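>>> Generate coordinates for the sequence data below:
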Amino acid sequence: MKVTLPLNEMSVAEKIAAMEALWNDLSIQAAEYSSPDWHGEILMERTRLAKAGLVGFTDWDEAKKEIQDRIR
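Numbers count the residues shown, from 1 in each chain. Model (predicted):
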């Protein structure tokens, strides 16, 4: 099934709402999906970088606020 959205006519807020609706639906079916091996490899590398102090973190609430500020 091919789904076509009028992306060039949608606002950023509408696009995010569409992504959230897709994510919510996918989350319900999460048990039916296995992540590819490369996901685990990326997570291991990010863990290594974090333990080495080579990357920083942003509080989730602050990250959401920054994203919201950028799209307004």
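>>> Could you check how far the residue of the chain positioned farthest from its centre is from Ile16?
Distance from the C-alpha centroid of the chain peaks at Ala52, with 24.5 Å (Cα atoms, centre = their mean). Noted for Ala52: a distance of 33 Å to Ile16, by Cβ to Cβ, to the nearest Å. In short, each C-beta sits where N, CA and C put it, glycine included.
>>> Show the contacting residues for Ala21.
Taking Cβ atoms under 8 Å, 6 or more residues apart in numbering as the criterion, Ala21 is in contact with no other residue.
>>> Look up which helix or strand it falls in, please.
helix 12-28 (DSSP states H and E).
>>> I'd like the next helix or strand past that helix.
helix 37-51.
>>> which helices and strands does the next helix or strand after that next one pack with?
Next along the chain after helix 37-51, taking DSSP H and E as the criterion, comes helix 60-71. When contacts are defined as 3 or more Cβ pairs under 8 Å, 6 or more residues apart in numbering; DSSP states H and E, helix 60-71 sits against helix 12-28.
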